[in-house]
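Student: Output the structure for:
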Amino acid sequence: MKYSREQSLRMYQDLAFGRAMANKIVEYIMGGRINGAIHPSLGQEAISAGIMAAKRLSSHKLYIHCTHRQQPLIADNVGLDCFVGELQNRRTGLMHGTSGEYHMVSIKDGHLPMQGILGAGAASAVGFAMAKVLDGEDAVIINSIGDGAMSQGVVYETINLAAIHHLPVVYVVENNQIAMSTPVQEQAPHEDLYLRAHGFNIPGMKVDGNDIEAVVTALMGAIEMAASGTPVILECKTFRWTGHYVGDMQKYRSTDYMNNTDPIDPLKRYEDKLIEEGTATAEELDAIKAEQNEIMAEAFEKANKAEFPSKEECVNYNNLYSNNAGGAV
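Tutor: Numbers count the residues shown, from 1 in each chain. Got it, this is the predicted structure:
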């Protein structure tokens, strides 16, 4: 696909948004202002940004199941203040501070339920896809999973269901080459995970997950196939800069790659491309980065000053469960 200057600059903005968010998350955790194991998206911003761009460009309604390393995409789905408030367990958060990052949901915003169980989102995503088909809605479900989740049995059961019933699902595999502490070479007999699509007789594709335009172009094609009843596995090859979580010492691998991240930096690579082709100047791109850093700093500080939920709110069963009719327990 050929992208206009406006579209290109918006994609760069999305990358800068993700980088600013990841850096701020690390800063707040290391400063003791956020508790819990948070999985930053440093180095993987092009995948979240690609899905964000696809939301704008696609004519179909997209419902998205995110991984916990897609914080920028979650924030784009539900709103920055709602996400950052929930990340800091404040009443201003999407779930009023009672769930944290791990269990956010907003169907009206196209944000499908999240959970901490590896690969479990594939099951809820395929069920939601079936519901949308039965409702006759022109919708496509984006189910993001990692390379580690691709070793889970539930993922294959649900891909099989999607293939059999011709459901509109795109499985976006964020292959960052390491599942927690296990390299992909030690968990898979073949490093190209998209090839597993052949066993289900559905299309499988791989793309450079650090190239924002390549991700968007591949996604747009996959979305159209899914909308026509052909589920797709789209593998995005990327690289995780940090440990599995902030504070992970990464004793299981060498961190020499951090001496020069330019070749694997989706933000720097797109910046160089836009400048080289004359789409934008370095000054314009620097201004975009500065603006995103400022937006993120203000959002995090605003949330940090908000109230925590009360004990009663945190243990209220009706915030967690409902009866079959969707009412109070």
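Student: Asn293: what's it in contact with?
Tutor: Residues counted as contacts of Asn293 (CB atoms under 8 Å, 6 or more residues apart in numbering) are 16, 20, 23. To be clear about C-beta, it is placed using only N, CA and C from the backbone, and glycine gets the same treatment.
Student: Check which residues of the helix or strand where it lies are buried.
Tutor: For Asn293, the element it lies in under DSSP states H and E is helix 282-304. Neighbour-count burial for helix 282-304, with 16 or more other CB atoms under 10 Å as criterion, is recorded at 285, 288-289, 292-293, 296, 299-300, 302-303.
Student: Using CSV, write out every CA atom in stretch 181-200.
Tutor: In CSV, the C-alpha atoms belonging to stretch 181-200 read as follows (Å, rounded to 0.1, in the frame of the first residue of the first chain):
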residue,chain,number,x,y,z
SER,A,181,13.0,-16.9,29.3
THR,A,182,12.7,-19.6,26.6
PRO,A,183,14.1,-18.8,23.1
VAL,A,184,11.8,-19.7,20.2
GLN,A,185,14.4,-22.2,19.0
GLU,A,186,13.9,-24.2,22.2
GLN,A,187,10.1,-24.2,22.1
ALA,A,188,9.3,-24.7,18.4
PRO,A,189,10.7,-27.2,15.8
HIS,A,190,10.5,-24.4,13.2
GLU,A,191,11.0,-20.7,14.0
ASP,A,192,8.4,-19.6,11.4
LEU,A,193,5.3,-20.0,13.4
TYR,A,194,3.0,-18.9,10.6
LEU,A,195,3.6,-22.2,8.8
ARG,A,196,1.4,-23.9,11.3
ALA,A,197,-1.6,-22.3,9.5
HIS,A,198,-1.1,-25.0,6.8
GLY,A,199,-2.4,-27.6,9.1
PHE,A,200,-5.7,-25.8,9.3
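Student: before we move on, back to that, which outside residues touch the next helix or strand after the helix holding Asn293?
Tutor: For helix 282-304, the following helix or strand on the C-terminal side (DSSP H and E) is helix 311-314. Helix 311-314 has contacts (CB under 8 Å, 6+ apart) with 91, 96-98, 319.
Student: next one: helix 311-314 to chain centre, how far?
Tutor: Averaged C-alpha coordinates place helix 311-314 at 29 Å from its chain's average position (CA atoms, centre = their mean, to the nearest Å).
Student: Kindly report the same for stretch 81-99.
Tutor: A distance of 18 Å separates the centroid of the chain from that of stretch 81-99, by CA atoms, centre = their mean.
Student: Kindly report the same for stretch 19-28.
Tutor: Its chain's C-alpha centre and that of stretch 19-28 lie 15 Å apart, by CA atoms, centre = their mean.
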